[in-house]
Structures are given as C-alpha cells and as structure tokens.
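In: Provided below are the primary sequence and the corresponding predicted coordinates.
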Amino acid sequence: MTGPSLLAGPDLRAGMESAAGHLSRLGPLPPGAASLIDVLERSGLRGRGGAAFPVARKWRAVAERRGARPVVLVNGAEGEPLSRKDRVLMETRPHLVLDGALLAAGALGAGEVLLYVGAEHAAAATALGRALAERPEAERRRVRTVAAPPRYVAGEESAAVRFVNDGVALPTVTPPRPSERGVGGRPTLVQNVETLAHVAMVARFGDAWFRGLGAPGTPGTALLTVTGAVARPGVLEVAQGSALGDAVAAAGGLSDRAGAVLLGGYFGGWVGAEEAWGLRLDAPGLRSAGHSLGCGVVAVLPGHRCGVVETARILTHLAGQSARQCGPCVFGLAAIAGAVQRIAAGTAEADDLERVRRWSGELRGRGACAHPDGAAGLLLSALRTFGDDFLHHHRHGGCAVATREAA
Amino acid sequence: MDAPRLRVDPIRCDGHGLCAELLPELIRLDDWGYPIVETAAVPGHLAAHARRAVAACPLQALRLEASPAR
C-alpha cells in the first residue's frame, strides 16, 4: 500500500506515533462539523467492531435526538480472544483514534468523550493516555478513560453503556438503543476504535479517496488479525475487497498445511481452506455468502488439528462467557458445548448430533445481546465445514483427522 | 393496521411457561422451559388469548407491541 493509511508511517514495533509524527504524516485535524456525516455517508464506511453497520446511519441516529447533549463512547474493549487489531492500533496510532473521537464529538455536538479500553490492554491504555497528554487542554478536558472489564460481552455496546452508568458490564434489552438513551440517559455514539481511526482519515482526505482504496462497493482498508498456521502472525492492513489468500500471503504465507480458516473469530465461522483463499474481504458480501468477517480475524487451522475438537473448545469458552442473564443462552450454550465436547471426545449420546443441530437453530434472537446467535452461527459453520468429521466422531467415537494423519 | 407483535424480554423471563400454556398456537417451550415465539405477529382471532398470556406472566416478561409504523 502506498499513500496514507492507518498503519503507514513508522514501523509498528517502534510503538506509539507521537503527535508531531502524526501531524507531519497526515496533516492537521480538520474541524468536526455536522457536514462530516454526509462525507461519511458517501465514503461508505461501516463499523469495524463486528457488525459492519453503516457509520453515517449510526451518527444520524444520535444527531437526530433532541434535548440532551450526546456522548461519544470509544469502544476499545476488544474482547474477541483472537483479535489484536484494536490493541495494536491504540498502541501504535493513538492519535488517529483520538482524532476520530473528537471529530465525532464535533459533528454530533457531544460534550464528553469516553475511552472504554479493555482493562487487560494496559499498553493500549498507556499509549492513549500519553497521546492525550500531547493534545491541547481544550481537547483533554473532554476526554475521560474508563477501564472495560475483561469479559467477552463487556464490549457489546449496551453493556459498555451500562458499565459506565452502573458499573455492571452486562448487556441490556434494546430498545432503547444507546443512540436513544445511553450514558447518563444521553444519546450515545458507541463506536469501535478502528472505525474512528478511519473517520480521521476520511475527514482529512475525503470520501472519494477512501472509496479509491478498496474495490468497487467495498471502500477503504481494513485491519486484520492473521493468526494460526501462518509464517508471520500479526496485525496488518489490507485493501477491502482483496482476497483472503492475499492476506495470508502478506502474513508470510502458510507455515503448515491448512485444514480450515476461522474467519471473524469466535463470533464468526469456519470456512474450508480451498473455499477460503478466494473469498473477498468485504463484510456485506461475506455475510450474503453465509460467512462473517466479524472484527477481522483470519485464523488458519493446521491440517493436523481437528475442527471438531477446536469447535468444542471454542463453544466451551463461549458458554463460560455468557452474561448469565437470559435462560436460552445460559442453558442452551451449556448444553451445546457439553454435547459437542462429548462428540469430540468420542463419548456422544445417540442423538447428540441431531440435538445440537436443533438447539443451534432455536437459539437465534433469543438473548438480550447477540452472544447466543454468535455461538449458534459458529456451530452451524462447523457442521457445514467439518460435517464428515462430526459424523466420524459421532459414529466411530474417534477422530478422522487423527486417522488421516496416521495413514 | 398491522397485527401487534409478541416480544419476550429474555432477561426478565425465568421460564415459568404460562405463556406457552395459554397461547400454544404461537409460543412453544424449548428443552429448558423457555419460550420460543414461533409467530410474533398476533392474528386477530388470537388477540384475546395473547392479552391473557401477557397478563399471566408473573415476571411481566411477555409484551404485546404495536407494529413499528412504516
């Protein structure tokens, strides 16, 4: 990539880019005016926290509320276990995140900016704090940092709002959405840190520039966390619409024979390796093809590891991360995780496979947040991708991958 | 006018199951006794039953909402 981008500039290993370096690389921060929302709409920018919601629509929902002054909540919780991209961005380009947050505050007339950063992401919080200290007093006064508890659902936007309000990082029933009634009852924009960094770029270089970075209909660049069986796992920036195989190549290529790819992380889904390489990295396109880019995780499973066993491990983790507020999530996820564990261990009951299929179909839309939906989606993708392996485990009580590898 | 819609508040709901008893045409229970709303839009001939199911919920977790205008 040539020209300006989020991660262009000093090597990421050099740590935080200073205010002086940031300004000389990208130029001064333009004022945040209401007209920025139109620019964002033309840019086609979508949220990068996982839901890929159009940014301009989200901002308008806040801007249209009358009465109380809005709040901007910068979401740097990054609870997805395989994702590193938000942390790397906050650690190395904190001024871009602050720029985006202040632009949002300006465009929406918000008084207060809250930096909601995962409590375990100490280096990210430190970099944002140091960056803030380099900013003018008028900006510093508006920004407050809040440590997000280390729990998967703490980054869900209603949970983030509730944590700031009540000290409890649990999702609430929506509506009302944070845009209607958020922090202190005020209309609140909850926006992922990478999304805000892109806002800072679009505000400087314009919507046409942003669209020109990606493929037609898939504007801009995206941060990915590429991990698993690749030579150089880490965070990289790619043009949207490029092929997943190119992202793997940019991470040094495969370090092992690939069995499958977990695309989108624990909230995403499995894709068979052959199908995966040609997929275009484009959130809406992937969604319509039954996949999910989520928060940009590309995790390559080596061919000698069993997808059934991996899926059992992930589902067990997700069941343990339930906020334990909604019955279908508490009991459904525990039951699914238990049954998939039995299948993986070769101790399945006769109807375990049929039951997990039914349960995963019944879970959707039945929690206050999308946690059960995410787990159900992951399971369905596993049944699709590792269907033969599931059957082999279920019928023969053993692992087809182990048998194949031994042959 | 569009039919009113059934909505479960999943945080309030504790799986008492009265709703499925009173309105089996639209609600069934999952393996743990929590309601699955099979059809959210309440047809006219079930409106009285739906109101009764809403009133019977001991946790006020079942609601009837007007269809969103549009």
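Out: Good, I have the coordinates.
In: for residue 22, report the pLDDT, please.
Out: Answering for chain A, as no chain was given. According to the predicted model, the pLDDT of residue A:22 comes to 97.
In: I was after chain B.
Out: You'll see residue B:22 listed with a pLDDT of 97.
In: separation between the residue lying closest to it once chain neighbours are set aside and residue A:187?
Out: If you skip the residues right next to it in sequence, residue B:22 has residue B:53 as its closest partner in space, 4.2 Å away by C-beta to C-beta, 6 or more residues apart in numbering or on different chains. Bear in mind the C-beta positions are built from the backbone N, C-alpha and C, glycine included. In this structure, residue B:53 lies at 34 Å from residue A:187, with C-beta to C-beta, to the nearest Å as the measure.
In: thinking again about what came up before, which residues sit against the helix or strand containing the residue nearest to residue B:22?
Out: Using DSSP states H and E, residue B:53 maps to helix B:47-56. Applying C-beta atoms under 8 Å, 6 or more residues apart in numbering or on different chains, the external contacts of helix B:47-56 come out as B:4, B:6, B:18-19, B:22-23, B:25-27, B:42, B:62-64.
In: let's go with 6 Å and repeat that
Out: Contacts with helix B:47-56, where a contact means C-beta atoms under 6 Å, 6 or more residues apart in numbering or on different chains, come from B:18-19, B:22-23, B:42, B:62, B:64.
In: flag every buried residue along that helix.
Out: When burial is assessed from 16 or more other C-beta atoms under 10 Å in any protein chain shown, helix B:47-56 yields the following buried residues: B:50, B:53-54.
In: give me the mean pLDDT for the very next helix or strand once past that helix.
Out: For helix B:47-56, the following helix or strand on the C-terminal side (DSSP H and E) is strand B:62-65. In this model, strand B:62-65 carries a mean pLDDT of 95.
In: which parts of chain B sit against chain A?
Out: If contact is defined as C-beta under 6 Å from any C-beta of the partner chain, the residues of chain B in contact with chain A are B:9-11, B:15, B:30, B:32, B:34, B:36.
In: please redo it, this time with the cut-off set to 10 Å
Out: With C-beta under 10 Å from any C-beta of the partner chain as the criterion, chain B comes near chain A at residues B:7-15, B:28, B:30-37, B:40, B:61.
In: these in helices, which ones?
Out: When DSSP state H is applied, the residues of chain B next to chain A are split such that none fall in helices.
In: can you give me the buried ones in stretch A:163-177?
Out: Counting neighbours by 16+ other C-beta under 10 Å, one finds that the buried residues in stretch A:163-177 are A:163-164, A:169-173, A:177.
In: restrict stretch A:265-275 to CA atoms and write it as CSV.
Out: What follows is stretch A:265-275, C-alpha atoms only, in CSV (Å, rounded to 0.1, in the frame of the first residue of the first chain):
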residue,chain,number,x,y,z
GLY,A,265,-13.0,-15.1,15.2
TYR,A,266,-15.2,-16.8,17.9
PHE,A,267,-18.2,-14.9,16.7
GLY,A,268,-17.5,-15.7,13.1
GLY,A,269,-17.4,-19.1,11.4
TRP,A,270,-15.3,-21.8,9.8
VAL,A,271,-14.6,-22.0,6.1
GLY,A,272,-12.9,-24.9,4.3
ALA,A,273,-9.4,-24.0,3.2
GLU,A,274,-9.9,-24.3,-0.5
GLU,A,275,-13.0,-22.1,-0.4
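In: distance from the chain centre to it, please.
Out: Put simply, stretch A:265-275 sits 15 Å off its chain's centre (C-alpha atoms, centre = their mean, to the nearest Å).
In: avg pLDDT for it?
Out: The predicted model assigns stretch A:265-275 a mean pLDDT of 95.
In: can you check stretch A:360-367 too?
Out: In this model, stretch A:360-367 carries a mean pLDDT of 94.
In: how far is that stretch from where the chain is centred?
Out: For stretch A:360-367 - counting by C-alpha atoms, centre = their mean - the centre lies 21 Å from the chain centre.
In: for chain A, which spans come out with low pLDDT?
Out: By pLDDT under 70, the low-scoring segments of chain A are A:1-2, A:407.
In: which residues of the stretch 301-407 of chain A lie near chain B?
Out: Near chain B, the residues belonging to the stretch 301-407 of chain A are A:323, A:325-332, A:334-335, A:355, A:358-359, A:362-363, A:365-369, A:372 when assessed by C-beta under 10 Å from any C-beta.
In: quick one: contacts for residue A:282?
Out: By C-beta atoms under 10 Å, 6 or more residues apart in numbering or on different chains, the contact list for residue A:282 reads A:46, A:52, A:214-215, A:217-219, A:222, A:240-242, A:288-289, A:293.
In: again, but for residue A:78
Out: The contact partners of residue A:78, taken as C-beta under 10 Å, 6+ apart, are A:49, A:84-90, A:117-118, A:120-121, A:124, A:148, A:154-155, A:192-194, A:225, A:295.
In: just the buried ones out of these, please.
Out: Burial by neighbour count, 16+ other C-beta under 10 Å: within the contacts of residue A:78 this picks out A:49, A:84-90, A:117-118, A:121, A:124, A:148, A:154-155, A:192-194, A:225, A:295.
In: out of the residues you listed, which are inside helices?
Out: Counting by DSSP H, the members of these that fall within helices are A:85-90, A:124, A:193-194.
In: need the residues you listed in JSON lines (columns: distance to chain B).
Out: Below are these laid out as JSON lines (distance: C-beta to the nearest C-beta, whole Å):
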{"residue": "A:85", "distance to chain B": "31"}
{"residue": "A:86", "distance to chain B": "28"}
{"residue": "A:87", "distance to chain B": "30"}
{"residue": "A:88", "distance to chain B": "35"}
{"residue": "A:89", "distance to chain B": "33"}
{"residue": "A:90", "distance to chain B": "31"}
{"residue": "A:124", "distance to chain B": "31"}
{"residue": "A:193", "distance to chain B": "28"}
{"residue": "A:194", "distance to chain B": "30"}
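In: ok, those vs residue A:96, which is closest?
Out: When these are compared for distance to residue A:96, the smallest value, 7.3 Å, is given by residue A:89; criterion: C-beta to C-beta.
In: can you give me the strands for the chain?
Out: Defaulting to chain A. With DSSP state E as the criterion, chain A has strands at A:71-76, A:112-118, A:143-148, A:188-192, A:221-228, A:234-239, A:258-263, A:269-272, A:297-302.
In: I was thinking of chain B, sorry if that wasn't clear
Out: Assigned by DSSP E, the strands in chain B fall at B:5-8, B:27-29, B:35-37, B:62-65.
In: enumerate the residues of the stretch 51-200 of chain A near chain B.
Out: Within reach of chain B by C-beta under 10 Å from any C-beta, the stretch 51-200 of chain A has these residues: A:170-173.
In: now the residues you listed in JSON lines, please, with extra columns for distance to residue A:11.
Out: Listed next are those as JSON lines, based on distance: C-beta to C-beta, whole Å:
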{"residue": "A:170", "distance to residue A:11": "40"}
{"residue": "A:171", "distance to residue A:11": "38"}
{"residue": "A:172", "distance to residue A:11": "42"}
{"residue": "A:173", "distance to residue A:11": "46"}
